[in-house]
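Peer 1: Build me a structure from this.
(2 chains)
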Amino acid sequence: MSDEEDIILSELPDDELVLQMHDDLYDGLKEEIEEGVNILLGRGWQPYEVLTNALVGGMTIVGKDFRDGILFVPEVLLAANAMKGGMAILKPLLAETGAPRMGTMVIGTVKGDIHDIGKNLVGMMMEGAGFEVRDIGINNAVDAYMEALDAGDVDILGMSALLTTTMPYMKVVIDAMIEKGVRDDYTILVGGAPLNEEFGKAIGADAYCRDAAVAVDTAKEFMARKHNQVAG
Amino acid sequence: MLPDDNTLTEKGLEGTTPGKPGRILLLACGALAREILAIKDLNGWDHMDLTCLPAIYHMFPEKIVPEIEKAIGKHRENYADIFVVYADCGTGGLLQAKCEELGVQMLKGPHCYSFYEGNDRFAALAEDEITSFYLTDFLVRQFDAFIVKPMGLDRHPDLINMYFGNYEKLIYQAQVEDPELDAKAEAAAARLGLAYERRFTGYGDLQNELATLKKPQ
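Peer 2: Just a heads-up that it's a prediction; the model follows:
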């Protein structure tokens, strides 16, 4: 999607700038994304608008092309890194301007596992979709999950694992939640390369999410159901 | 004749001996071809034939189960028995389930790093080695094909920290004594910014499990 001509971002009208930012995200150009974010904010855009239209819109294209086998992991990581640059500018402003909040998610990689690329992608896309994300990092034992849930106001627990040897630990966490009588207080989403839908069902998770985009859609769906239940 | 490593990675290995009743087919990952043939020769197991799927399925575990099923369908009637020389290999239990459904046996353990080390020992070490990244002889020889290129490290060396930032050490599990592979593994560790350890494992549980396969009557 690269264009050989030098493009001056600040000279583009809003609609063209947003499209150019989608291209720049696709190409993993972090500095250009940061510049684009600042230009839109300078033109009076609300932080939430910049986030959804320019960044999430661009990452949605990246996610779709990844799923279709057009983009591969390295390109997705570069795009994510560029989005991270933009998010770093927007995050403090989003809190100040009272952007819509979809819910809160605690997310972490399970005990024995140090892999966090997928988890970080999910966390970032969830933030992009308006969720507050409390990332508790890697190698988390039951106690670490419980502590994060006990901190309060949590809707969703996300657990990640890359290894066949560590993914069964997700069941250990869920069983501990059942024992404590708190399992049904949360929506539990699980993901990671060796997982599948059958595994998600077998361990008692609410859903297996095969990628970050599915995680966002699934989280939104569960939040909508929860609101409907409360309303009903 | 054993094909070169690139062929084992991309295409696998077609069985060279036409199947006959009374023989066992070892249906393996291409990454194990050289080692299985060495074990077979060492022990004089003439009743075993070998065919391999492309080793690169290591990067795409979702391809393993359907391709194993297809290969079993293709070879079943020519052999008294088929043994699947794969561990779970990232299939999340689906390969085990498929093998049970098809009535064939497979290797125990989560992956080759585990069965080369010995599954029990690997499990015992797991907690102390969660920040270790493993390479076998085959993966050292095919470091570019399995690590550098698919992860884009040749084009974007700045991604190394995103992939390997949580790792501390590269452990090279050596199946054979080979100073050249040792040097290559050490260079790989340096490239990834990791400490280096060489550990001789030999063939571990791969050999032990193949030894339990009885010659069909």
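
Peer 1: show me what contacts the residue of chain B found nearest chain A?
Peer 2: Distances between chain B and chain A by Cβ to the nearest Cβ are smallest at residue B:152, namely 2.7 Å. All C-beta spots, glycine's among them, are computed from the backbone N, C-alpha and C. Counting by Cβ atoms under 8 Å, 6 or more residues apart in numbering or on different chains, residue B:152 touches A:72-75, A:77, B:159.

Peer 1: just residue B:27 next, same as before
Peer 2: So residue B:27 contacts B:51-53, B:68, B:71-72, B:75, B:82-85 (Cβ under 8 Å, 6+ apart).

Peer 1: Can you check the pLDDT for the closest residue to residue A:59 other than its chain neighbours?
Peer 2: Spatial nearest neighbour of residue A:59, chain neighbours left out: residue A:83 (5.6 Å); criterion: Cβ to Cβ, 6 or more residues apart in numbering or on different chains. For residue A:83, the model assigns a pLDDT of 95.

Peer 1: Show me which residues of the strand or helix carrying residue A:83 are buried.
Peer 2: Element membership of residue A:83, judged by DSSP states H and E, is helix A:73-97. Going by neighbour count (16 or more other Cβ atoms under 10 Å in any protein chain shown), the buried part of helix A:73-97 is A:73-87, A:90, A:93-94.

Peer 1: cool, and stretch A:137-146?
Peer 2: By neighbour count with 16+ other Cβ under 10 Å, stretch A:137-146 contains the buried residues A:138-142, A:144-146.

Peer 1: now swap in stretch A:99-109 and tell me
Peer 2: Those would be A:99, A:102-109, for stretch A:99-109 by 16+ other Cβ under 10 Å.

Peer 1: What of stretch B:89-108?
Peer 2: Buried-residue list, stretch B:89-108, by 16+ other Cβ under 10 Å: B:89-96, B:98-99, B:104, B:106-107.

Peer 1: same thing with stretch A:169-188?
Peer 2: A:169-171, A:173-174, A:176-177, A:183, A:186-188.

Peer 1: hmm, which two among these are most spread apart?
Peer 2: Farthest apart among these by Cβ to Cβ are A:169 and A:187. That separation is 19.0 Å.

Peer 1: For residue A:70, grab the count of nearby residues.
Peer 2: Neighbour count for residue A:70, taken as other Cβ atoms under 10 Å in any protein chain shown: 11.

Peer 1: per-residue confidence at it?
Peer 2: Per the predicted model, pLDDT is 94 at residue A:70.

Peer 1: so residue B:35 touches residue B:206, yeah?
Peer 2: Yes - assessed by Cβ atoms under 8 Å, residue B:35 is found in contact with residue B:206 at 6.5 Å.

Peer 1: At which residues are the helices of the chain located?
Peer 2: Using chain A. With helices called from DSSP state H, chain A shows them at A:14-26, A:30-42, A:47-49, A:57-67, A:73-97, A:117-128, A:142-150, A:169-180, A:197-203, A:212-231.

Peer 1: that's the wrong chain, I wanted chain B
Peer 2: All helices of chain B, identified by DSSP H, fall at B:5-10, B:33-43, B:64-75, B:94-102, B:112-117, B:119-125, B:137-141, B:143, B:160-164, B:179-192, B:204-210.

Peer 1: Mind listing what's buried along the first one?
Peer 2: It refers to helix B:5-10. Buried positions in helix B:5-10, judged by neighbour count with 16+ other Cβ under 10 Å: B:5, B:7-9.

Peer 1: Closest to residue A:205 out of these?
Peer 2: Distances from residue A:205 to those, taken by Cβ to Cβ, are shortest for residue B:9, at 34.9 Å.

Peer 1: Quick check: closest non-adjacent residue to that closest one.
Peer 2: residue B:55 (4.6 Å).

Peer 1: mean confidence for stretch B:176-184?
Peer 2: Summarised as a single mean, pLDDT over stretch B:176-184 is 98.
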